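Asker: okay, predicted coordinates and the sequence, questions at the end:
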Amino acid sequence: MLRFPARKLGTLSAAPAWLEDFGLLREPSAHGSYAARLETFGAWLRSNGARFDALELRDGEAAGGSRGQGCAGFATADVPAHAPVVELPLRILVTSEAVRFSEIGRVGAASGVDDNGGNLYLTLALLQMWTEQQQHHHHHHHYHHKGGAGEPFHAPYLDILPRRLPSWPLFWDDVDLNRLMGSPLVASVEARREAIARDFDALREAAEASRRAVPAAERSLCALDSATAADFAVAELLVCSRAFLVPGAGAGGRADRCLVPLADMLNTALPHNCDVDFGMRDGEVASERVFAMTAVHPIRRGQQVHDSYGYKSNDR
């Protein structure tokens with residue numbers, strides 16, 4: 001159980017120790033240079049049917065950001081209005097609907113934690129995939145001659161996601177937050193930290209209850225044994241800032257909250273200022289659905305391409 005010290009009126013309580021206690025994300029970044037991981041990610045996308053011939057991903061530093069903290073997409077050719085920019089088979093997406101009906105998704109539903117429009121399930125999916133990736137690396141290093149856990153399908157995507165979020169107020173230290181004493185942001189940060197700790201405790205308790213009832217589920221639920229609250233906080237923030245509500249991605253053509261590799265690496269703009277629109281359409285293979293981004297106006301070669309994740313609340 002995570003606990004918080006009492007706060008004196010007019011003072012800021014110390015940042016909780018659990019914010020630095022990473023488990024699945026103990027290493028601050030995946031192995032290898034960011035450029036190499038980005039190249040591997042692009043190859044993985046193409047090998048699984050993705051098309052983005054007129055788009056080049058670059059380290060976010062090229063667009064004025066911080067190295068290793070994200071990417072930006074640039075047009076490599078002139079793209080006419082209404083032409084496709086990105087096409088991704090549905091299997092590349094991580095959909096909250098699919099996670100909801102998995103073992104860990106059922107634990108999330110039983111925990112009583114607000115699913116935040118499906119974001120909770122995507123958060124749990126990240127924890128599960130990170131756990132499987134960690135198990136794979138452990139077995140490969142120590143027991144590769146005996147086989148072992150396989151690497152998750154989305155491993156190249158996991159490897160380009162940031163594992164530290166120092167620019168997010170949730171992870172600011174006391175010195176930085178004390179500079180804002182008197183601002184409502186300070187109380188908001190402390191309230192969010194406490195909410196994350198409560199949610200994580202509730203999920204761990206629900207996982208333990210499920211394990212007692214269904215012992216065979218233990219392997220599927222190991223993410224909530226290996227993860228820490230700090231891992232959960234990073235996963236939740238990644239999902240809250242990256243997830244798309246994709247029309248047609250759910251059963252029966254319903255909209256569903258999804259993680260969309262590649263699309264979520266483009267810098268975002270307000271919906272009326274973005275360069276592309278998105279949705280699902282039929283693919284060239286029978287019964288295959290495709291996430292497609294199309295240009296809403298002509299895009300010039302060399303121009304940075306902006307999409308929109310939609311309007312986001314600053315509360316989470």
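Answerer: Everything's here; your move. Residues are numbered from 1 along each chain as shown.
Asker: could you pull out the helices for this protein?
Answerer: Per DSSP state H, the chain carries helices over the ranges 34-47, 96-100, 103-110, 119-143, 155-160, 174-178, 184-213, 223-226, 229-242.
Asker: so what does the longest one touch, helix or strand wise?
Answerer: Applying 3 or more CB pairs under 8 Å, 6 or more residues apart in numbering; DSSP states H and E, we find helix 184-213 packed against helix 103-110, helix 223-226, helix 229-242. Using the backbone N, CA and C atoms, a C-beta is placed for each residue, glycine as well.
Asker: export the helices of the chain to TSV and tack on distance to residue 274?
Answerer: Compiled in TSV, the helices of the chain are given as follows (distance: least, CB to CB, whole Å):
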stretch	distance to residue 274
helix 34-47	21
helix 96-100	23
helix 103-110	31
helix 119-143	21
helix 155-160	22
helix 174-178	31
helix 184-213	27
helix 223-226	34
helix 229-242	15
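Asker: quick check: which of those helices is nearest to residue 282?
Answerer: With CB to CB as the measure, helix 96-100 is the member of these nearest residue 282 (18.8 Å).
Asker: what packs against the closest one?
Answerer: Helices and strands touching helix 96-100, by 3+ CB pairs under 8 Å, 6+ apart, are helix 103-110, helix 119-143, strand 256-259.
Asker: give me the mean pLDDT for the last one.
Answerer: Looking at strand 256-259 alone, the average pLDDT works out to 96.
Asker: what do you get for the second one?
Answerer: Helix 119-143 shows an average pLDDT of 84 in the prediction.
Asker: over to stretch 232-245?
Answerer: 95.
Asker: quick one: buried residues of that stretch?
Answerer: Within stretch 232-245, the residues that count as buried by 16 or more other CB atoms under 10 Å are 232, 233, 234, 235, 236, 237, 238, 239, 240, 242, 243, 244.
Asker: kindly export that stretch (C-alpha atoms) in PDB.
Answerer: Extracted C-alpha coordinates of stretch 232-245, given in PDB (Å, rounded to 0.1, in the frame of the first residue of the first chain):
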ATOM      1  CA  PHE A 232       2.000   2.700 -14.100                       C
ATOM      2  CA  ALA A 233       2.300   6.500 -14.000                       C
ATOM      3  CA  VAL A 234       4.500   6.500 -17.100                       C
ATOM      4  CA  ALA A 235       2.200   4.200 -19.000                       C
ATOM      5  CA  GLU A 236      -0.900   6.200 -18.000                       C
ATOM      6  CA  LEU A 237       0.700   9.500 -19.100                       C
ATOM      7  CA  LEU A 238       1.900   8.000 -22.400                       C
ATOM      8  CA  VAL A 239      -1.600   6.700 -23.100                       C
ATOM      9  CA  CYS A 240      -3.400   9.900 -22.100                       C
ATOM     10  CA  SER A 241      -1.100  12.000 -24.400                       C
ATOM     11  CA  ARG A 242      -1.000   9.600 -27.300                       C
ATOM     12  CA  ALA A 243      -4.200   7.600 -27.600                       C
ATOM     13  CA  PHE A 244      -6.600   8.200 -30.500                       C
ATOM     14  CA  LEU A 245     -10.400   7.700 -30.500                       C
END
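Asker: chain center to it, what's the gap?
Answerer: Offset of stretch 232-245 from its chain centre (CA atoms, centre = their mean, to the nearest Å): 5 Å.
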